[in-house]
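Enquirer: Sequence unavailable; structure follows:
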């Protein structure tokens, strides 16, 4: 699927799987070992298992990242100033003053 998006956008196709960074160990275990069928997840919609299906097909590779290095936290959490600056630098966001 990811290759289809790349080709439609005119990007070079890549043969390696898309890396998905995750900081939740329980989520990574479920993706790698398969979802446990039980009473606690029986109400989850089947579309929620899409990521698991992509990983089984070899299109997505889940990589564990420490919570302190998770750049997605910039958009979802209130962070200390030092962490905020480090993560914005990590995703190459610069202040206008720094560019001149």
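Expert: Structure received. This is a predicted model, so every value here is computed, not measured.
Enquirer: from here on, contacts and neighbour counts on C-alpha atoms
Expert: OK.
Enquirer: Now the element after the helix or strand bottoming out on mean pLDDT in the chain, going C-ward?
Expert: Every helix and strand of the chain was ranked by mean pLDDT, DSSP states H and E. The lowest is helix 2-8, at a mean of 66. Downstream of helix 2-8, the first helix or strand assigned by DSSP states H and E is strand 18-22.
Enquirer: was I right about residue 65 contacting residue 20?
Expert: No: Residue 65 is not in contact with residue 20 according to C-alpha atoms under 8 Å; the separation is 9.6 Å.
Enquirer: ok, residue 8 - contacts?
Expert: By C-alpha atoms under 8 Å, 6 or more residues apart in numbering, the contact list for residue 8 is empty.
Enquirer: measure it to residue 15 for me?
Expert: Distance, residue 8 to residue 15, by C-alpha to C-alpha, to the nearest Å: 16 Å.
Enquirer: Equivalent analysis for residue 46, please.
Expert: For residue 46, the distance to residue 15 equals 28 Å [C-alpha to C-alpha].
Enquirer: Okay, residue 52 and residue 33: tell me how far apart.
Expert: With C-alpha to C-alpha as the criterion, residue 52 and residue 33 are 10 Å apart.
Enquirer: which one of those two has more residues nearby?
Expert: residue 52 (19 against 9; other C-alpha atoms under 10 Å).
Enquirer: how about that one, phi and psi?
Expert: Torsion angles at residue 52 (phi, psi; degrees, to the nearest 10) stand at phi -60, psi -40.
Enquirer: Could you look up the SS state of the nearest residue to it once chain neighbours are set aside?
Expert: Nearest non-adjacent residue to residue 52, counting by C-alpha to C-alpha, 6 or more residues apart in numbering: residue 31, 5.5 Å away. Classification of residue 31 using DSSP: H, G, I helix; E, B strand; the rest coil returns helix.
Enquirer: ok, residue 31 - how many residues close by?
Expert: Applying other C-alpha under 10 Å, we find 20 residues neighbouring residue 31.
Enquirer: contacting residues around it?
Expert: Counting by C-alpha under 8 Å, 6+ apart, residue 31 makes contact with 51, 52, 55, 62.
Enquirer: Do you know the pLDDT at residue 81?
Expert: Listed pLDDT for residue 81 reads 91.
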